[in-house]
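Asks: build me a model from this:
(one chain, ligands or ions: 1)
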Amino acid sequence: MARIELDDIRKTFQDAGSEIVATDDVSLDIEDGEFLVLVGPSGSGKSTLLRMIAGLERQTDGDIHIGDTLVNDLEPRERDIAMVFQNYALYPNMTVRENMSFGLKMSTDLSKDEIDERVESAAETMGIHLLLDSTPEQMSGGEKQRAALGRAIVRDPNVFLMDEPLSNLDAKLRSVMRTEIKRLQRELGVTTVYVTHDQTEAMTMSDRLAILDGGNLQQLGTPLECFYRPANTFVAGFIGDPSMNFFDVTHEDGRLVAQDLDYDLSEDAAASATGHDELVFGVRPEDIDLREDRGENDFEVEVDVVEPMGSLKYAYVKRPGSDDEETYIVEVNGQRPIDVGDTLYAHVPHGEFHLFDRRSREAVHHRDLRENTEEELLEKMNDTQAATS
Ligand SMILES: Nc1ncnc2c1ncn2[C@@H]1O[C@H](COP(=O)(O)OP(=O)(O)OP(=O)(O)O)[C@@H](O)[C@H]1O
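Replies: Got it, this is the predicted structure:
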């Protein structure tokens, strides 16, 4: 087992005479036995960072330690890591048994019996012992990924590095494998760095998330911290599905008003807003209630589009009479009758919103937390998963 330390990792590529910054001084401490997910949009630098930990790519600047060893100059095979890739990377003309034992034969002096024993045991763990004599072309995508995971665990490495291992699988299988990988990692206690752009994977599997954008680390935190305490507008918009709604804030007659909503936030946020000339108001779709009757500080909305998702619905609402483009999303119960054209009153409970500085994009005010927040988040992730798979 090992901790991984990344210090100011910078990686640039030269492309047709111009410099591309893939990672920009990223520093991360990954704990021994931790499941860390690197998540971010396409091109944010996730795979490059993982490949540098693996030794498949050399950083332009900065140091990488695995355990107590500075690994900058070590070859991948000297780093005591096992990688799992999106495309499985199995040798097509070898059986599963041969695929799983190949690395051990090449890089250890274990006897044939010891290798056989390890392969059998890993195949058992992955539920593929009946497929040991099959070749990859005779197997489904899920079985191939189990074989690839089996090949990783048979090596008994200090670190697992996984690059989008589930993205070639269908939604149902993905969700099964997600749980299995998480369980396996817990049982083995192997430090794991896992790259994905899928936020459900990121939220449900990780001990902590490292959220990247444009090669920069945007936030490092537990799924709960990133969801309820997003460091900036990027994290707030990226984590959570559907995304947080954002509105400009204006100062009107000494009040702070979320424009387009006509929502007065002075009472809850006047102190945190002090010193910030320009602010952005953020509210999650599930934190807005749609009511039949108008209450204090509620605002009138017209329903523009309704998306039924099963256990829940997404209502795209707008100010009555405004352009279609200005809609925002509200999550409602799937069984609630709600129709396009309905006029309702949107209610944001006291304190259940975020505020960001418009220029720096940094958070200046976070939503209050209710009790049972963790359960609530997990329930939400499962609802979204059920609704979208
Ligand atoms: N070998 C290379 N040569 C030139 N540019 C590269 C190379 N590898 C990566 N890049 C660039 O570095 C940046 C980060 O790429 P990287 O693949 O790490 O992102 P990513 O977050 O893993 O994206 P994706 O989810 O699409 O795989 C991108 O701008 C990419 O085009």
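Asks: can you give me the neighbour number for residue 297?
Replies: 15 (other Cβ atoms under 10 Å). Where C-beta positions appear, they are placed from N, C-alpha and C, glycine not excepted.
Asks: oh sorry, the question was meant for residue 109
Replies: 7.
Asks: is it correct that it falls within a strand?
Replies: No. Assignment of residue 109 by DSSP: H, G, I helix; E, B strand; the rest coil gives coil, placing it outside any strand.
Asks: quick one: classify residue 116 as helix, strand or coil.
Replies: When classified by three-state DSSP, residue 116 comes out as helix.
Asks: how much space between it and the ligand?
Replies: If you measure residue 116 against the ligand using Cβ to the nearest ligand atom, to the nearest Å, the figure is 37 Å.
Asks: please name the nearest non-neighbouring residue to that residue.
Replies: Closest residue to residue 116 apart from its sequence neighbours, by Cβ to Cβ, 6 or more residues apart in numbering: residue 101 at 7.5 Å.
Asks: check residue 174 too.
Replies: Leaving aside its chain neighbours, residue 174 sits nearest to residue 166 (4.7 Å; criterion: Cβ to Cβ, 6+ apart).
Asks: for that neighbour, grab phi and psi.
Replies: When quoted as degrees, to the nearest 10, the phi and psi of residue 166 stand at phi -110, psi 0.
Asks: okay, and for the protein, where does confidence drop off?
Replies: Within the chain, the ranges that satisfy pLDDT under 70 run 1, 323-325, 370-389.
Asks: hang on, the earlier thing: state the distance from the residue nearest to residue 174 to residue 287.
Replies: Residue 166 sits 30 Å away from residue 287, taking Cβ to Cβ, to the nearest Å as the criterion.
Asks: and for residue 119?
Replies: Residue 119 is 51 Å from residue 287, by Cβ to Cβ.
Asks: please enumerate the helices of the stretch 251-389 of the chain.
Replies: 266-273, 373-388 (DSSP state H, counting those that start in this stretch).
Asks: which neighbouring elements make contact with the strand or helix carrying the residue nearest to residue 116?
Replies: If you go by DSSP states H and E, residue 101 is part of helix 96-107. On a contact count with 3 or more Cβ pairs under 8 Å, 6 or more residues apart in numbering; DSSP states H and E, helix 96-107 meets helix 112-125, helix 141-154.
Asks: okay, the angle between the first one and helix 96-107?
Replies: Read it as helix 112-125. Orientation of helix 112-125 against helix 96-107 (axes from the mean of the first three to the mean of the last three Cα atoms, to 10 degrees) gives an angle of 130 degrees.
Asks: near the ligand, which residues of the chain?
Replies: 13, 15, 20, 22, 40, 42-48, 197 (Cβ under 6 Å from any ligand atom).
Asks: and those residues, which of them are in helices?
Replies: Those of the residues of the chain next to the ligand mapping onto helices are 46-48, per DSSP state H.
Asks: these, buried ones only, as a ChimeraX selection?
Replies: Buried residues within those, by 16 or more other Cβ atoms under 10 Å, are selected in ChimeraX with:
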select :46,47,48
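Asks: what about the one residue in the stretch 101-250 of the chain that gets nearest to the ligand, how many neighbours?
Replies: Nearest to the ligand, among the residues of the stretch 101-250 of the chain, is residue 197, at 5.0 Å (Cβ to the nearest ligand atom). A count of neighbours around residue 197, defined by other Cβ under 10 Å, yields 17.
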